[in-house]
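Novice: Give me the fold of what follows.
(4 chains)
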Number of protein chains: 2
Amino acid sequence: MKKPAFTEKQIASARQYQSTPPPEVHEGKVEALVNELIGRVADKWTMLILDILAENGEQRFTRLGELVTGVSQKMLTQTLRHMEREGLVTRTVHPVVPPRVEYKLTPLGMSLGAAFCGVWIWAEKNLDKVEQARTTFDRRAAAAKRKAAAR
Amino acid sequence: MKKPAFTEKQIASARQYQSTPPPEVHEGKVEALVNELIGRVADKWTMLILDILAENGEQRFTRLGELVTGVSQKMLTQTLRHMEREGLVTRTVHPVVPPRVEYKLTPLGMSLGAAFCGVWIWAEKNLDKVEQARTTFDRRAAAAKRKAAAR
DNA sequence: TTCTATACTTACCTTTGAGAGAGTGACCTT
DNA sequence: AAGGTCACTCTCTCAAAGGTAAGTATAGAA
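Specialist: Residues are numbered from 1 along each chain as shown, chains lettered A, B, ... in the order given. Model prediction:
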């Protein structure tokens, strides 16, 4: 998909250091960084806020809270701070009373939004397939359970 | 990006039901389903396993545990079950001793892998930009803190 | 008989996530 | 003088995520 596959040897040497990341295996370092980045960025609220900002453009704090269904103030602030930290949004404070703060996607944020777009589309397109797979699985699991109980 | 924007009214009505999802707002229902699906699928281990399976093809349990850096047995089992449930992987048990179980992506799983590909690429490409944004942010935050302390 | 290999499962415990709700500061309106 | 607005911030609390380590079943090998 993207990374060159590791050799058996590299994997073995990486395993040794599982608790503290291997310092001299360069591939592993980059991989770890990418994974960490993915971990930060692929979180629920980040994705939702990204989506809303991509669709609706610059927004104020409270308005954003209304648009992102189910988010609490705390999570909104927290996620926005994180996003600002990694350069996905800009935060503009207008020094007026009452305060007025506007959030806007940076080009970097927009490019991430575009990258996620594929996943949104996949989700919309395959919603029913997943739904069906789930019921099939659950039905089968229930049957297996009955069988196990009968033994 | 994908969904039609809500009207003020719909948002207001949705807000009322924040604890239990609104039953009669249809748009909200679909949106909720998509969001939930994204939530299940965009999780760290799912993405990593998906990636490994896409790159290396069918794998046995233990081997998978070696390839997915840092995963515990528990999380591996759990994530694989979830993925099987939503039809992303097939689990083939060979009735031999010692047991032999093989995991393989379904076409659905592969299509999700392809969809995530954009995000991986984004992460690789923008790793340094994010890194830089972070240090800039942290430096600025530290400066603001000093300033606040001086007051 | 004891050991080994494989793919789990289960129990326990610590860490993290996340909501609810109250408080804050500054200025403007009434 | 009291109340309202906005964007937080803080604390308290409960739930969920996730790690560790031990246990299980089975048959062939030593």
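
Novice: Now do the contacts for the residue positioned nearest the centre of chain A.
Specialist: Residue closest to the mean C-alpha point of chain A, counted by Cα atoms, centre = their mean, is residue A:42 at 1.1 Å. For residue A:42, the contact set (Cβ atoms under 8 Å, 6 or more residues apart in numbering or on different chains) comprises B:42, B:43, B:44, B:47, B:119. Any C-beta I mention is one placed from the backbone N, CA and C, and that applies to glycine too.

Novice: Ramachandran angles for the closest residue to residue A:41 other than its chain neighbours?
Specialist: In this structure, residue A:41 finds its nearest non-sequential neighbour in residue A:112, 6.6 Å apart by Cβ to Cβ, 6 or more residues apart in numbering or on different chains. With angles defined as degrees, to the nearest 10, residue A:112 sits at phi -70, psi -40.

Novice: doesn't residue A:51 make contact with residue A:112?
Specialist: No. In terms of Cβ atoms under 8 Å, residue A:112 does not count as a neighbour of residue A:51; the distance is 10.6 Å.

Novice: The two: which has the busier surroundings?
Specialist: More neighbours surround residue A:112 than the other of residue A:112 and residue A:51, with 27 against 21 (other Cβ atoms under 10 Å in any protein chain shown).

Novice: quick one on the thing from earlier: do you know the pLDDT at the residue nearest to the centre of chain A?
Specialist: Residue A:42 carries a pLDDT score of 78 in this model.

Novice: for the one 4 residues further on, same thing?
Specialist: Among the per-residue scores, residue A:46 shows a pLDDT of 91.

Novice: Next to DNA strand C in this structure, residues from chain A, please.
Specialist: Within chain A, the positions near DNA strand C by Cβ under 7 Å from any atom of the strand are A:43, A:44, A:45, A:70, A:71, A:72, A:73, A:74, A:75, A:97, A:98, A:99.

Novice: If any of the residues you listed are buried, give me the ChimeraX selection for them.
Specialist: Here is the ChimeraX selection string for the buried members of the residues of chain A next to DNA strand C, based on 16 or more other Cβ atoms under 10 Å in any protein chain shown:
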select /A:43,44,45,70,71
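
Novice: can I get the residues of chain A next to DNA strand C in CSV with distance to residue A:60 and secondary structure?
Specialist: CSV is the format used below for those (distance: Cβ to Cβ, whole Å; DSSP: H, G, I helix; E, B strand; the rest coil):
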residue, distance to residue A:60, secondary structure
A:43, 22, coil
A:44, 22, helix
A:45, 17, helix
A:70, 19, coil
A:71, 14, coil
A:72, 17, coil
A:73, 13, helix
A:74, 17, helix
A:75, 17, helix
A:97, 15, coil
A:98, 11, coil
A:99, 10, coil
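
Novice: Name the nearest of the residues of chain A next to DNA strand C relative to residue A:142.
Specialist: In terms of Cβ to Cβ, no member of the residues of chain A next to DNA strand C lies closer to residue A:142 than residue A:44, at 29.2 Å.

Novice: now the closest one: how far from residue A:87?
Specialist: Residue A:44 sits 20 Å away from residue A:87 when distances are taken as Cβ to Cβ, to the nearest Å.

Novice: what do you get for residue A:140?
Specialist: In this structure, residue A:140 and residue A:87 are separated by 46 Å, where distance is defined by Cβ to Cβ.

Novice: the more surrounded of those two?
Specialist: Set side by side, residue A:140 and residue A:87 give different neighbour counts by other Cβ under 10 Å, the larger being at residue A:87 (21 against 11).

Novice: Which of the helices or strands spans that one?
Specialist: Taking DSSP states H and E as the criterion, residue A:87 maps to no regular element, lying outside all helices and strands.

Novice: what residues are up against it?
Specialist: Neighbour list for residue A:87: A:106, A:108, A:109, B:129, B:130, B:132, B:133, B:134, B:136, B:137 [criterion: Cβ under 8 Å, 6+ apart].

Novice: Name the nearest residue to it, sequence neighbours excluded.
Specialist: Taking Cβ to Cβ, 6+ apart, and ignoring the residues beside it in sequence, residue A:87 has residue B:133 as its nearest neighbour in space, at 2.8 Å.
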